[in-house]
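**Q** Provided below for reference: sequence and predicted model.
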There are 2 protein chains.
Amino acid sequence: MNKPYVIGIDMGGTNTAFGIVDTCGKVIAGGSIKTRKHNNIEDYIDELHGELTRLIEENDAQDKVQGIGIGAPNANYFTGLIEDGVNLPWPTPIPFAELISKKFGIPAVITNDANAAAIGEMTYGAARGLKDFIMITLGTGVGSGIVVNGQMVYGHDGFAGELGHVVMKRNNGRMCGCGRTGCLEAYCSATGVARTAREFLEIRKEDSALRNIPVDEITSKDVYDAAVAGDQIAKDIFEYTGDILGQALADFVTFSSPEAFVLFGGLTKAGDLIMKPVKDSLDKNILSCYKGKVKLLVSELKESDAAILGASALGWEAK
Amino acid sequence: MNKPYVIGIDMGGTNTAFGIVDTCGKVIAGGSIKTRKHNNIEDYIDELHGELTRLIEENDAQDKVQGIGIGAPNANYFTGLIEDGVNLPWPTPIPFAELISKKFGIPAVITNDANAAAIGEMTYGAARGLKDFIMITLGTGVGSGIVVNGQMVYGHDGFAGELGHVVMKRNNGRMCGCGRTGCLEAYCSATGVARTAREFLEIRKEDSALRNIPVDEITSKDVYDAAVAGDQIAKDIFEYTGDILGQALADFVTFSSPEAFVLFGGLTKAGDLIMKPVKDSLDKNILSCYKGKVKLLVSELKESDAAILGASALGWEAK
């Protein structure tokens, strides 16, 4: 018989958030620790275990946790490993699902953070009831989680859904963190927006509030603030970003013909500044047989909750 | 209880091939008619029914056919309709599955031709045992059938898998039959190869056997013959085609991380002339986490059989 709770853990490069979640998808208690505080993974897991044990006891949840679901960068659902932890302070691969499962004495399942967010959205958010959708996470990087026929697409090796590394500029494209050039992520992540700002400020001559900021320190938040205040260059930066993202989404439609895209992450906070150009570009570039059929949604979950909820949803299937 | 036979029908723009298939995937009898001979769909179905009835009687298969599976251009698995028959002589949409089912008194299922080929390859060909693969058909156009987790990807509306219309050239791309520009199909179909030949012959100055053919009459077969005879321009045309296709496949991998691509159709007959540049380009352009993990296979089924077998495999699930 199922127990009434699961634990969701969302490991980010900076913070690790966690929570105890009930069968209705309510986070009944949660907390967070600094991911980078510990030089070795055992100490990190010790702190996580300590914090969660306290939460479990405070909520009278001993022996009531069915499973633990984890979302982490580059985590592989099939192997349980964090395979290549670009932003993590520990050597990889890390058999994280196994380590957590042993420490807690509770079965644990892991997947990458974008997949966890997609599962959260499907179970509790904007994608409830959808069997075919694509989640695009617009944060420091661009991630994706793809759902086909109601199932997460993991691919034969667990690494499906790296849509941030589809090539959007085949000539003279920007260097991407992956070592190649022209990837979607180099343009449509928060970092990509900041890079676009630096390019636009160099090439264009108009006044802009962004010129008051040292050029290497401009963030996507600065671009947002300037755009809201009516700055034309800032608005054009979002236009440019949205146009590229819309072109990418139009291509993605030809793959799985999703009912919706769900956009998620910091960049979506720019609202219509980014969503309108994305929608215009998607409409303009989409193949005619899909026209007017694909919804463009924004995540309905609090950013902090989406990944915990998504990860926790995986906890129900942990064995 | 299941009956021992199914019927597979492969409707192409020119010919319609059909066969009676047993549970082992053997085409025990087959034939074909001209698709374009009839000005209305009822006459076409009458001829098809006549031919198949004769085959059924000759093979003592009356009351032994479990279902009919059909592959046809732009056919929709969910609705049973041929939705937009670009190359067909009849007004669309056509409720083809229903018309066939009524005429024969046997349940019928329809899907598009590339999906039928993918199902054939999964059931009887190069993709046996694979749960995640992508079939790319290189014919007059470029089609695709995507299998994720052992299931055909139909998308929410039945139109998934139009990878021939992913945009490969965002600037100055060739016009595509779909009304947009720069699509994969405009470069990597048989027609695309012929267009590349015309471009290359105009721009380059070397001698070439292809210059003996009126430029508007050059086919991909002519390019193949010239390349086999050592013609440098012809070889470079395949190099160029393969390079673009490899770039596209590298992008497709980020979607579903397939174990293999299965290439199918006329262009694959060029063998290493096309396959080597595709492989080199895929290796060069693929994201590092997928490197060395994706097989590049060529269909193992006779072209005429693959679609009949694939369509027939659908017949088993007709209800």
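**A** Yep, that arrived.
**Q** Is residue A:261 part of a helix or strand, or is it coil?
**A** strand (DSSP: H, G, I helix; E, B strand; the rest coil).
**Q** Residue A:179 now?
**A** Applying three-state DSSP: residue A:179 is coil.
**Q** what comes up buried for the helix or strand of chain A at the bottom of the mean pLDDT ranking?
**A** Scoring the helices and strands of chain A by mean pLDDT, DSSP states H and E places helix A:303-315 at the bottom, with a mean of 85. For helix A:303-315, a neighbour-count test (16 or more other CB atoms under 10 Å in any protein chain shown) marks A:303-315 as buried. Every residue, glycine included, has its C-beta placed from N, CA and C.
**Q** swap in stretch A:116-131?
**A** A:116-127, A:130.
**Q** filter the buried residues of helix A:303-315 down to the ones close to chain B.
**A** Contacts with chain B within those, as defined by CB under 8 Å from any CB of the partner chain: none are present.
**Q** follow-up on the earlier one: show me the buried residues of stretch A:116-131 that map onto helices.
**A** A:116-124 (DSSP state H).
**Q** circling back: dump the buried residues of stretch A:116-131 to CSV, plus distance to chain B and pLDDT.
**A** Output for these, formatted as CSV (distance: CB to the nearest CB, whole Å; pLDDT from 0 to 100):
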residue, distance to chain B, pLDDT
A:116, 17, 92
A:117, 17, 90
A:118, 14, 93
A:119, 15, 92
A:120, 20, 90
A:121, 16, 91
A:122, 14, 92
A:123, 18, 88
A:124, 20, 87
A:125, 18, 90
A:126, 15, 92
A:127, 12, 94
A:130, 8, 96
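**Q** Reformat these as CSV; add distance to residue B:206.
**A** Compiled in CSV, those are given as follows (distance: CB to CB, whole Å):
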residue, distance to residue B:206
A:116, 56
A:117, 54
A:118, 52
A:119, 57
A:120, 59
A:121, 56
A:122, 57
A:123, 62
A:124, 63
A:125, 60
A:126, 57
A:127, 56
A:130, 55
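**Q** Spit out the contact partners of the closest residue to chain B within the stretch 101-250 of chain A.
**A** The nearest approach of the stretch 101-250 of chain A to chain B comes at residue A:155, 2.5 Å away (CB to the nearest CB). Shown in contact with residue A:155 (CB atoms under 8 Å, 6 or more residues apart in numbering or on different chains): A:161, B:132, B:148, B:256-258.
**Q** export those residues to CSV and tack on neighbour count, distance to residue B:243 and pLDDT?
**A** Shown next, in CSV, are the contacts of residue A:155 (neighbours: other CB atoms under 10 Å in any protein chain shown; distance: CB to CB, whole Å; pLDDT from 0 to 100):
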residue, neighbour count, distance to residue B:243, pLDDT
A:161, 27, 26, 96
B:132, 22, 25, 98
B:148, 28, 27, 98
B:256, 26, 22, 98
B:257, 24, 22, 98
B:258, 28, 20, 98
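**Q** ok, those vs residue A:95, which is closest?
**A** Checking those against residue A:95 with CB to CB, the nearest one is residue B:257 at 20.8 Å.
**Q** quick one on the thing from earlier: please name every helix or strand in contact with the least confident helix or strand of chain A.
**A** The contact analysis (3 or more CB pairs under 8 Å, 6 or more residues apart in numbering or on different chains; DSSP states H and E) places helix A:303-315 against strand A:5-11, strand A:15-22, strand A:27-34, strand A:65-72, strand A:108-112, helix A:113-124.
**Q** That helix to helix A:113-124, inter-axis angle?
**A** 80 degrees (axes from the mean of the first three to the mean of the last three CA atoms, to 10 degrees).
**Q** Would you mind naming what in the stretch 51-200 of chain A lies close to chain B?
**A** Checking the stretch 51-200 of chain A against chain B by CB under 8 Å from any CB, the hits are A:83-84, A:130-132, A:146, A:148-149, A:151, A:153-163, A:165-171, A:178-180.
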